[in-house]
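In: test case, fold it:
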Amino acid sequence: MKIRRILLQLMITCLPLASYAQQEFRNWPKGTSPEEIGQLVSKRFVEVPHPNFDGNPTPPNEITYPETCAWFGALRYADVTRNRELLKQLEERFLPIFGPERRLQPLPDHVDHTVFGIIPLQLYMQTRNEVYYHLGMWYADAQWQMPRQNKHQAAYQALLDKNLSWQTRYWIDDMFMITAIQSQAYYVTKNRTYIDRTAHEMVAYLDKIQRPNGLFYHAEDAPFYWGRGNGWMAAGMTELLGLLPEDNPDRPRILSSYRKMMKTLLDYQKEDGLWGQLVDDPTTWTETSGSAMFTYAMIKGVKRGWLKAETYAPAVRKAWIALTGHIDEQGDIDGVCEGTNKTNDRQFYLNRRTLPGNMHGQAPILWCVTAFLE
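Out: Alright, predicted model coming up:
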């Protein structure tokens, strides 16, 4: 009886927060609902052939990581909406990898290439085709195995000896790329090795590049709070916390770092509802891909109880409605920063081009949709 009373009290305590979130996450203005946007952007994804980087019109040499991340978002959207037709289209996009498009399959030789494994793992979860399982797990395992031929054996071994991936480089982008593939491997296998080592890796990055205000430098030698870079980190922590067992010893540290970041992001949300190309300077131009990643992290945080609904749900609503205003009738989002290497030059970040429909922006829009609909 005592346990029942405690559970009842917890339910009563949580009801106002749940109701508040539901109120903010429903009754969307026409053309802004997650259902409408999900249909539009996922349809656009299957229409577009494999893109190259940064609007380059020539065919790519391999599937790029922005496409991988958008593909991942479309697959999860198909799953949460039980859209079998979309799943079929997304699988048909993948099947040529086993034949005429084999050359486009990335190798697990770099952090940006290894993330490709999330696609076959998602396909396995939805189709149970074991071919996808084995292919996806090959990528996940390769991230912690010494590559056979390399010029950096001593450096890689030093990382592996610390239970860090040999692909570690302490760039902010890595903490989505590594986290996504390893978290999916854990989700598929329930083997704690994958998720525990990912949490250990995350803490190493938190130690290196998170600053006292909760934001992140692009890298140790690139001391700027670049928008999408911080978005990758926000999304990476979100992916990890969503699957990380409560008894993992690194979980409190990661959750604390996530909350610290979210609090500072709230402070820097611009009047238009989004965030700047440099997060800590609201006078910089609005950048949509990082803004969508921050929105995704906050949606999940509110719905999982990591963030206070009365504080963050209104910010999420404002950001989402603003984001949908940047999506055209075709399903392309504008204001997406082109691919950006690290550099110790503030003006370099401010001078980046924006590319409408770039997969860096399409991807987190789909993540947001799925987070709303879950």
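
In: use CA for all of it now, contacts and neighbours both
Out: Fine.

In: spatially central residue in the protein, please.
Out: Nearest residue to the geometric centre of the chain (Cα atoms, centre = their mean): residue 235, 4.0 Å.

In: so it is in contact with residue 176, correct?
Out: Yes: with contact defined as Cα atoms under 8 Å, residue 235 reaches residue 176; the gap is 6.4 Å.

In: surely the residue nearest to the centre of the chain is in a strand?
Out: No: checked against DSSP: H, G, I helix; E, B strand; the rest coil, residue 235 lies outside a strand; its state is helix.

In: look up how far residue 155 lies from it.
Out: As for residue 235, its distance to residue 155 is 28 Å (criterion: Cα to Cα, to the nearest Å).

In: for residue 68, what are its contacts?
Out: 115, 116, 118, 119 (Cα atoms under 8 Å, 6 or more residues apart in numbering).

In: residue 337 is in contact with residue 287, isn't it?
Out: Yes: Residue 337 lies in contact with residue 287 (Cα under 8 Å); the separation is 6.5 Å.

In: now the common contact residues for the two.
Out: Residues touching both residue 337 and residue 287 (Cα under 8 Å, 6+ apart) are 228, 277.

In: and stretch 93-112, what's its mean pLDDT?
Out: The pLDDT scores in stretch 93-112 average 97.

In: now it: buried residues?
Out: For stretch 93-112, the neighbour count (16 or more other Cα atoms under 10 Å) marks 94, 104, 105, 106, 107, 108, 111, 112 as buried.

In: which residues touch it?
Out: Where contact means Cα under 8 Å, 6+ apart, the residues beyond stretch 93-112 that reach it are 46, 60-63, 65, 113-114, 116, 139, 142-143, 147, 167-168, 174, 177-178.

In: rerun that using 6 Å as the cut-off
Out: Contacts with stretch 93-112, where a contact means Cα atoms under 6 Å, 6 or more residues apart in numbering, come from 61, 62, 63, 65, 113, 114, 139, 167.

In: ends of it, what's the gap?
Out: End to end - Cα to Cα - stretch 93-112 spans 20 Å.

In: one more: stretch 93-102?
Out: Per Cα to Cα, the first residue of stretch 93-102 is 12 Å away from its last.

In: so where's this structure shaky on pLDDT?
Out: Within the chain, the segments meeting pLDDT under 70 span 1-22.

In: the helix or strand hosting residue 176 - contacts with which helices or strands?
Out: Assigned by DSSP states H and E, residue 176 belongs to helix 174-189. Identification of packing neighbours for helix 174-189 by 3 or more Cα pairs under 6 Å, 6 or more residues apart in numbering; DSSP states H and E yields helix 192-209, helix 227-243.

In: report the distance from the last one to the chain centre.
Out: In other words, helix 227-243. 6 Å (Cα atoms, centre = their mean, to the nearest Å).

In: what angle sits between it and helix 174-189?
Out: Angle of helix 227-243 versus helix 174-189, following axes from the mean of the first three to the mean of the last three Cα atoms, to 10 degrees, is 20 degrees.

In: list the buried residues for helix 227-243?
Out: Neighbour-count burial for helix 227-243 flags 227-241 (criterion: 16+ other Cα under 10 Å).

In: same check, this time on stretch 203-212
Out: In stretch 203-212, counting by 16+ other Cα under 10 Å, buried: 203, 205, 206, 208, 209, 210.

In: next, residue 330: phi, psi?
Out: Reported as degrees, to the nearest 10, the phi and psi values for residue 330 are phi -80, psi -20.

In: what helix or strand is residue 266 on?
Out: Here residue 266 sits within helix 251-268, counting by DSSP H and E.

In: that older thread, out of the buried residues of stretch 93-112, which sit inside strands?
Out: Here DSSP state E is the test, and these give no hits in strands at all.

In: possible to save the contacts of residue 68 as CSV with distance to residue 130, secondary structure and neighbour count?
Out: Formatted as CSV, those follow (distance: Cα to Cα, whole Å; DSSP: H, G, I helix; E, B strand; the rest coil; neighbours: other Cα atoms under 10 Å):
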residue, distance to residue 130, secondary structure, neighbour count
115, 19, helix, 29
116, 17, helix, 29
118, 14, helix, 27
119, 13, helix, 25
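
In: of all these, which comes closest to residue 55?
Out: In terms of Cα to Cα, no member of these lies closer to residue 55 than residue 116, at 20.1 Å.

In: which residue sits closest to that closest one, ignoring its sequence neighbours?
Out: residue 68 (5.8 Å; Cα to Cα, 6 or more residues apart in numbering).

In: which helix or which strand is home to that neighbour?
Out: Taking DSSP H and E as the criterion, the element that holds residue 68 is helix 65-80.
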